[in-house]
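Visitor: predicted model and sequence below, questions to follow.
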Amino acid sequence: MRIYLAATHGALSKEHRRQLIDIGKPKYQLCTFIEGENNCAESLRESGRDNFLLDSGAFSFMSGKECNKETLIEYCDKYIDFINNYNVKQFFEIDVDTIFGIEFAELLRRRIESQTGKKSIPVWHKSRGIEYWKKMVADYDYIAIGGLVFHVKQSEWGMIKKLVDYAYYKGVKVHGLGFTKTRLNEQFRWYSVDSCSWVKSAVMGQQVQTFNGRYIERKKLDTKGKKANLSKLALHNGLEWCKYQRYMESKRW
């Protein structure tokens, strides 16, 4: 199972990011296009084409970033140019269903696929329904589930597990977008997941994360009243996630 380290740019100082790459040696990275072309290109070079995932940044638009259909088409064309210029192998569709509806999301997907000559990774949301999931499984060999961070209730994890199992038995790979519940990962037949919790928990919650040999444990940093070095804390967490990444890579379903 692949654990993609997301958001390696921004919160870390240049020195700490270099230490994360040189010491932690993260094998799999995900970069969101909205982070900037240079950052995405850097992560691509570090990971290699087979171990890099390019995220469209749709989550940012669905979370309130201002946009309209015209600006999204312009953004889509820049996304296409980057994919072509850097020969990106694995990339997600621009799944803006909740803003402009599934028809517009499908239009953007067709635009991306026709101009790159490659299949994107379509992203299923609950609003698409079970039949749409089956259609994605029939049409693609690598698909994803979105909305896991905010829109899936605990009571719905059983349903998500059934969806993943359905795809698995059809020979289709499934990515869990933002699935950071490391205690549960071994219960799902994910092909891959990604996480930025290692850096967000450091910057927003001053939380220390440690790999205990099976999953990530979390606790509040005791600063003893002093100001925390958040970049250093994020580096620590990132290095622990690199250990978890290597552990989970040995898991095969």
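Guide: The structure has been received and is ready for your questions. Numbering: from 1, shown residues only.
Visitor: going along the chain, name the strands of the chain.
Guide: 2-6, 29-32, 52-55, 123-124, 142-145, 173-176, 192-195, 207-211, 216-220 (DSSP state E).
Visitor: the fourth one - contacts with which helices or strands?
Guide: Contacts defined by 3 or more Cβ pairs under 8 Å, 6 or more residues apart in numbering; DSSP states H and E place strand 123-124 against helix 130-139, strand 142-145. Where you see a C-beta, it was placed from the backbone N, CA and C, and this is true even at glycine.
Visitor: for the closest residue to residue 10 other than its chain neighbours, list the residues it contacts.
Guide: Computed as Cβ to Cβ, 6 or more residues apart in numbering, the closest residue to residue 10 that is not its neighbour in sequence is residue 35, at 6.9 Å. Residue 35 makes contact with 7, 9-10, 57, according to Cβ atoms under 8 Å, 6 or more residues apart in numbering.
Visitor: if we can go back for a sec, could you dump the strands of the chain to JSON lines with distance to residue 102 and mean neighbour count?
Guide: JSON lines is the format used below for these (distance: least, Cβ to Cβ, whole Å; neighbours: other Cβ atoms under 10 Å):
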{"stretch": "strand 2-6", "distance to residue 102": "25", "mean neighbour count": "24"}
{"stretch": "strand 29-32", "distance to residue 102": "22", "mean neighbour count": "26"}
{"stretch": "strand 52-55", "distance to residue 102": "19", "mean neighbour count": "24"}
{"stretch": "strand 123-124", "distance to residue 102": "11", "mean neighbour count": "25"}
{"stretch": "strand 142-145", "distance to residue 102": "15", "mean neighbour count": "24"}
{"stretch": "strand 173-176", "distance to residue 102": "19", "mean neighbour count": "22"}
{"stretch": "strand 192-195", "distance to residue 102": "23", "mean neighbour count": "25"}
{"stretch": "strand 207-211", "distance to residue 102": "36", "mean neighbour count": "19"}
{"stretch": "strand 216-220", "distance to residue 102": "34", "mean neighbour count": "14"}
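Visitor: same list (these) but as a markdown table, adding mean pLDDT and distance to residue 161.
Guide: Conversion of these to a markdown table gives the following (pLDDT from 0 to 100; distance: least, Cβ to Cβ, whole Å):
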| stretch | mean pLDDT | distance to residue 161 |
| --- | --- | --- |
| strand 2-6 | 97 | 18 |
| strand 29-32 | 97 | 22 |
| strand 52-55 | 98 | 22 |
| strand 123-124 | 96 | 14 |
| strand 142-145 | 97 | 11 |
| strand 173-176 | 97 | 11 |
| strand 192-195 | 96 | 13 |
| strand 207-211 | 96 | 24 |
| strand 216-220 | 95 | 20 |
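Visitor: pull the longest helix from this structure.
Guide: helix 230-249 (DSSP state H).
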